[in-house]
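In: model this:
(4 chains, ligands or ions: 4)
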Amino acid sequence: MPEMTFARAIDFALETAMERDERVVTFGEDVTMLRRDLFVRFGPSRVRQAPISEAAFLAAGVGAAMAGLRPVVEIMLVDFIAVAFDALLNQATKVKAFSGGKWNVPLVVRASCGGGYGDAGQHEQCLWGLLSGMPGISVVVPSNPKDAAGLMLSSIECDDPVVFLEHKLLSDYWLDYLGLGGRETVSFDVPEAGARGEVPSPPVPVPIGKGIKVREGGDLSIFSLGVSLHRCLEAANQLEDYGIKPAVIDLRSACPLDRELIVSSASRTGRVLVVDEDYAGYGLSGEVAALLAESGVKADFARVCTEEVIPYARRLEDEVLPNVRRIREAAVRLCALSP
Amino acid sequence: MPEMTFARAIDFALETAMERDERVVTFGEDVTMLRRDLFVRFGPSRVRQAPISEAAFLAAGVGAAMAGLRPVVEIMLVDFIAVAFDALLNQATKVKAFSGGKWNVPLVVRASCGGGYGDAGQHEQCLWGLLSGMPGISVVVPSNPKDAAGLMLSSIECDDPVVFLEHKLLSDYWLDYLGLGGRETVSFDVPEAGARGEVPSPPVPVPIGKGIKVREGGDLSIFSLGVSLHRCLEAANQLEDYGIKPAVIDLRSACPLDRELIVSSASRTGRVLVVDEDYAGYGLSGEVAALLAESGVKADFARVCTEEVIPYARRLEDEVLPNVRRIREAAVRLCALSP
Amino acid sequence: MRPDPEDLYRRMARARFCEEALSALWERGLISGEMHLGAGEEAVAAGVTAHLEEGDAMALDHRSTPPLVARGVDLVALFLEMLGHEEGLCAGKGGHMHLFSRDLLSASSGIVGSSAPLGCGFALAAQYLNPGKVAVAFFGEGAVNQGMLLEALNLAVAWKLPLVFVCKDNRWAITTRSREVTGGRLARRARSFGMPATRVDGTRVEKVWEAAGRAVERARAGHGPSFILASCPRLQGHFLGDPLLRVFREPLRQTLEIGPPLLRSLFSRPLTALASRVPRLGTIGKTIALLGVERYVLERDPLQRSAALLTEEARRRLEEEARREVAEAVERALETAGRREENA
Amino acid sequence: MRPDPEDLYRRMARARFCEEALSALWERGLISGEMHLGAGEEAVAAGVTAHLEEGDAMALDHRSTPPLVARGVDLVALFLEMLGHEEGLCAGKGGHMHLFSRDLLSASSGIVGSSAPLGCGFALAAQYLNPGKVAVAFFGEGAVNQGMLLEALNLAVAWKLPLVFVCKDNRWAITTRSREVTGGRLARRARSFGMPATRVDGTRVEKVWEAAGRAVERARAGHGPSFILASCPRLQGHFLGDPLLRVFREPLRQTLEIGPPLLRSLFSRPLTALASRVPRLGTIGKTIALLGVERYVLERDPLQRSAALLTEEARRRLEEEARREVAEAVERALETAGRREENA
Ligand SMILES: Cc1ncc(C[n+]2csc(CCOP(=O)(O)OP(=O)(O)O)c2C)c(N)n1
Ligand SMILES: Cc1ncc(C[n+]2csc(CCOP(=O)(O)OP(=O)(O)O)c2C)c(N)n1
Ligand SMILES: [Mg+2]
Ligand SMILES: [Mg+2]
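Out: Ligands and ions are numbered 1, 2, ... in the order given. So this is what the prediction gives:
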């Protein structure tokens, strides 16, 4: 299996899909440059530059998908989805239901997300919670190159709307554009295993809605995704010193959630920690809690999330985003509750 | 205390606030007609007609609030907030945090919400879950005239952004406009106690973030708000026949949630049912589950929510929105679990 | 090419009779929600759809029935949908604001302005998969202040999309006179985005037909989008049961409902600026009056105006055919829905 | 009224030296995130802010420092903010894309287009609470395709708001040539919404000053909004460290990074249409080349152009004062932030 970066893995999957299926097209702002490799290969009709009109071109993606294309629409940063939210909430996710199941929208929305490079809370949000709060949508959040490629392939193959979120801290070019700018005077806490890794060639689809246990352990179930997953793994290493062995689960999809995996792991360990870079309220942690509660799993529960608007100062940002210390402390507290 | 309709109670509070404070203004589409009584009294500069440009006039509300006004901006139906979402997600709720607490946004967004009159899922959504999923916002959902007036007053007095949701099934003119159209050939299941009732004059502020127990009972805690609250009360009556006495709590605010009340009631009864007209996933029910779980309350838990896009046909709609039967059955099941 | 007056009139008559049938079903309580009729827009629907062929797409707004009917949607399925029946066009799940016909590549949406970017998407797919096919986006003049629609005007030009924007200018957005909240003139606004824009009298089907022909031709040839601004009346108010129109229909009842609170506002204390309150009452009265004047005095029924294009005999024949077809469809739909016995 | 060249140049010089200082701090790694400089926009900032008085408001985009500096924001607080310090303008929580100064009624936002409706809100408050006060909204030409901005053009006209829209046309939106995704011409677009629009050379401060004077005057008098389209260069690329500019700065390194994947795409199998791939490579090369040409050949530095308005002595004096002021502010900020020792 060739090794590649997280970013390359995504474009590799997109390229594979475009090669296999003429109907796959991609458009968005600056894609000629951002996807220049695809542009050179597939040309301007399939890799199309858009004006700064997210509302219109995302809704156009809905129409294009209805009429036979399989568009991958880029919203540069997921924060900007706010100006195009109607296309998801009232259009893309409504068509199948309103048409009585007779029409569907094979649309992929691709956006970068997440923080950790000092860009503040209007450009560093995760928003998978917001995006998951409507029927008819899937939201995937890969944490490593292999899953990134596999989930991109599945997203394109899916006959219904999928939001594909690409964490900027894992994605070398995004981080370079928005954070490094070619400097050697700054550094970011990039999880190596997420930013680079082996990817099957051709990529193998990863099913949407399926999580995966990435670390065995019986004391506690830690559920997470994206960059936070790597923070959890680091915390898990440190927890060994406390004699705590957590299972760590990469949910991979925020929606639909892998109910079975969540319930089975939580029932086994009896303790649950949700670590979510997205906002605490009305988010992933709540939905996991509800799934468990309605399945009758009465586990001890804690969450480490982003509780407020992400501040600009790197030092403050580091405290607001879930970090290894907070995760470790929450885990230790949880295990101390019912030793 | 004078008796008035739910709708009149809201405008009564708004009128009171406008009378007391020159800085309170309201604008939105068709407000000259919708708020014609206020228009006649306060004139076109304080009751201002807007073009169909929700994104611009809601963001203008943010700016106006920053510069000294206290705007009540009307988004006719909350579903339309999708085209103006940026004004909330990236502007209104970010100012206080980004300015280091030095600047605030005393903005009220007023919108009608909810279903039950056959308008289908692009016009009948609740969306308080979506709206509550960002730091820096409050979302209130009154279920009766007194709370409606009191919460409107508190919303206007609040120095930070508040979304005020007015359920169409309780609001006579909305229901007439959108559902009845003056016909006597249709009828809707309007909860009488919600649509009409006594309101103190002048109205008394109801604190944002405080729920209220509206029915005592020790077997089960039912948490709800808006129209569903009334469905819960009806179900509670029926549950008497099953020998089940539920406590019913009107949360009144979706955000912030009244953690104390939720935790204390759930600890007492040990059984929790969340009834929410909004979507099930990533919503109120999840957040309640998380609050309980992180507070160590291990109650039996179930939820009755809207699980899919609301269909047009009245018969189907009635099954998709939480109805009395579903609530009763869920309560019975919950109590049968651990008799 | 010359218009075929019979074909055009047939489209209009079918559309009109469907609207009338919907109105009757609505009155009987068999249709729920906000029922926006397109009565008054038939000439626009006919003049535009006459140029469409298989594979062309339509993005529709909340008055979506006339274009669908004019283009030939299955009428029984349409009525069944309105009745919320599982054999309806959308299995009863969409209803009148969310009609979808995959066969006709047509979709409607109740979010004002959303038909324009949706139309861009349809046109994009045509450009890529079916060169020579076109899309049409229908919307009202009020929608032209909606951001995504304005963006779509630009997008269509930037991408040279085979798209025709059709703005049905009935001068009103619910109770708002669009002119009072709209800067500049709409045709000029459209042109400023770099596309041709034509104003037509949308009650004259032959004029619409001509303008639409040029626009569709241009789109088919790959020369990009155009904009048609067609004035037309809103014969049934904003939606069925429009409370403002009820003022005219049931003046007494409505005045009793609307009046007292207004008077209370007029005299509410403190009585500062009472003098300036009176003209405001006038503003409201004026809005209502204007609606009434436009409705009863100024407005022209496109069917009446287009009748002149035909012999009296042809008109009568077409109307009879259309009326029968619609009546039969309603009948069949009611029967299927088990509502026949109630048929008044 | 006549412009005061010294005042204008002082504003420009202060703004420029601040941008240079920011660049230095950024290079040292003391500023995080995307740092968009407004270098090249100083004449616009100076020419507009010279007309503003206390109580006037500014809605700013992601290049917000020049107007703030030109208008007199506390420089130490500004630099401390950039350093993420708690004594910064926003306690270190906003950073360069989210600068807020309540005293100056000025707010910036990194969401493209959002400054326009925000400006409407500021103007609305002025209209109601402080007649005679005005608001200015700054944004780029790329933002004029953003829905909420287009809506804001209309809203400002409909509500006759005391607002000046200032479009800084640097012809680029990140790597996109705005012309290639924009239909029509922007001044005409603005006019079509019913307001006056003027094009000015945004590198000539006296021209900007004149146009802004008329627009501000109009707004103060209650006659509504205007639009100024000011062309100006983007001297530091889209943001600091712009990878496309790095191609020029470090051609070898960048070519090694960008080149191989491009070549892989060129020759990736199946090799269909290889002939058509080569020109696409050209498209990318052309974009980069155009950026370079504009940057090194066509662009005019507004400071150099405006120097002609002054005597050489005055220019030198103003520059020295400004340079010293900025240097001192940076010094103080670094000291407060405990970063002085690192000061290179
Ligand atoms: C985004 C949005 N805002 C507001 C509404 C409520 N609304 C429904 S129809 C309408 C008026 C539309 O006016 P116009 O576009 O002129 O169409 P007309 O009804 O006159 O045919 C409004 C404001 C909506 N459906 N969607
Ligand atoms: C809504 C939104 N879309 C996209 C972006 C990403 N973005 C940041 S700056 C920029 C280019 C803006 O171009 P222009 O308005 O011309 O300003 P300039 O950068 O040229 O000064 C873009 C696309 C954004 N910040 N917000
Ligand atoms: Mg209209
Ligand atoms: Mg630009």
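In: quick one, what contacts the nearest residue to A:A67 once chain neighbours are set aside?
Out: For A:A67, the nearest residue in space outside its immediate sequence neighbours is C:A125; the separation is 3.4 Å by Cβ to Cβ, 6 or more residues apart in numbering or on different chains. Any C-beta I mention is one placed from the backbone N, CA and C, and that applies to glycine too. For C:A125, the residues meeting the contact criterion (Cβ atoms under 8 Å, 6 or more residues apart in numbering or on different chains) are A:G63, A:A64, A:M66, A:A67, A:G68, A:L69, C:A57.
In: Flag every buried residue along the helix or strand hosting C:R315.
Out: C:R315 belongs to helix C:312-336 when elements are defined using DSSP states H and E. For helix C:312-336, the neighbour count (16 or more other Cβ atoms under 10 Å in any protein chain shown) marks C:R315, C:L318, C:E319, C:A322, C:R323, C:E325, C:V326, C:A329, C:V330, C:A333, C:L334, C:T336 as buried.
In: Show me the contact partners of it.
Out: Around helix C:312-336, the neighbours that count as contacts under Cβ under 8 Å, 6+ apart are C:5-6, C:9-10, C:13-14, C:16-18, C:20-21, C:25, C:75-76, C:78-80, C:82-83, C:85, C:87, C:307, C:310, C:340, C:342-343.
In: what stretches of the chain score poorly on pLDDT?
Out: You didn't say which chain, so I picked chain A. By pLDDT under 70, chain A has no low-scoring segment.
In: wait, I meant chain C there
Out: Where chain C drops into low confidence, which here means pLDDT under 70, it does so at C:247-256, C:259-260, C:263, C:266-267, C:269-273, C:292-299, C:340-344.
In: all helices of it, in order?
Out: In order along the chain, chain C carries the following helices (DSSP state H): C:5-27, C:42-49, C:65-71, C:75-82, C:115-129, C:147-158, C:186-192, C:205-220, C:243-249, C:251-267, C:274-293, C:302-307, C:312-336.
In: tell me how far the first one is from the chain's mean position?
Out: Same thing as helix C:5-27. Relative to the mean C-alpha coordinate of its chain, helix C:5-27 is positioned 13 Å out (Cα atoms, centre = their mean, to the nearest Å).
In: Surely C:Y9 and C:S306 touch.
Out: Yes. At 6.0 Å, C:Y9 and C:S306 qualify as touching, with contact defined as Cβ atoms under 8 Å.
In: Quickly list what's touching both of those two.
Out: Between them, C:Y9 and C:S306 share these contacting residues under Cβ under 8 Å, 6+ apart: C:V205.
In: and the strand or helix carrying A:I156, what does it pack onto?
Out: Using DSSP H and E, the secondary-structure element containing A:I156 is helix A:145-157. Helix A:145-157 is packed against helix A:6-20, strand A:70-77, strand A:108-113, strand A:138-140, strand A:162-167, strand A:196-198, with contacts defined by 3 or more Cβ pairs under 8 Å, 6 or more residues apart in numbering or on different chains; DSSP states H and E.
In: Note down every partner strand of the next helix or strand after the first one and its orientation.
Out: Remark: after helix A:6-20, the chain's next helix or strand is strand A:24-28, criterion DSSP H and E. Note on strand A:24-28: by DSSP bridges, its sheet partners are strand A:47-49 (parallel), strand A:70-77 (parallel).
In: Point out the residues in the stretch 51-200 of chain A that sit beside chain D.
Out: With the criterion set to Cβ under 8 Å from any Cβ of the partner chain, the stretch 51-200 of chain A comes near chain D through A:51-56, A:79-80, A:82-83, A:117-120, A:122-123, A:176-183, A:185-186.
In: run the last query once more with 6 Å
Out: A:51-53, A:55, A:118-120, A:122-123, A:178, A:181-183, A:185-186 (Cβ under 6 Å from any Cβ of the partner chain).
In: Nearest to B:E19, out of those residues: which one, please.
Out: When these are ranked by distance to B:E19 (Cβ to Cβ), A:Q122 comes first, at 37.1 Å.
In: those helices in the stretch 201-339 of chain A, which residues are they?
Out: The residue ranges that make up the helices of the stretch 201-339 of chain A, judged by DSSP state H, counting those that start in this stretch, are A:226-240, A:259-269, A:284-294, A:314-320, A:324-337.
In: buried stuff in the shortest one?
Out: The reference is to helix A:314-320. Neighbour counts using 16+ other Cβ under 10 Å place A:R314, A:L316, A:E317, A:V320 of helix A:314-320 among the buried residues.
In: Over to the second one?
Out: With burial defined by 16+ other Cβ under 10 Å, the residues of helix A:259-269 counted as buried are A:R259, A:L261, A:I262, A:V263, A:S264, A:S265, A:A266, A:T269.
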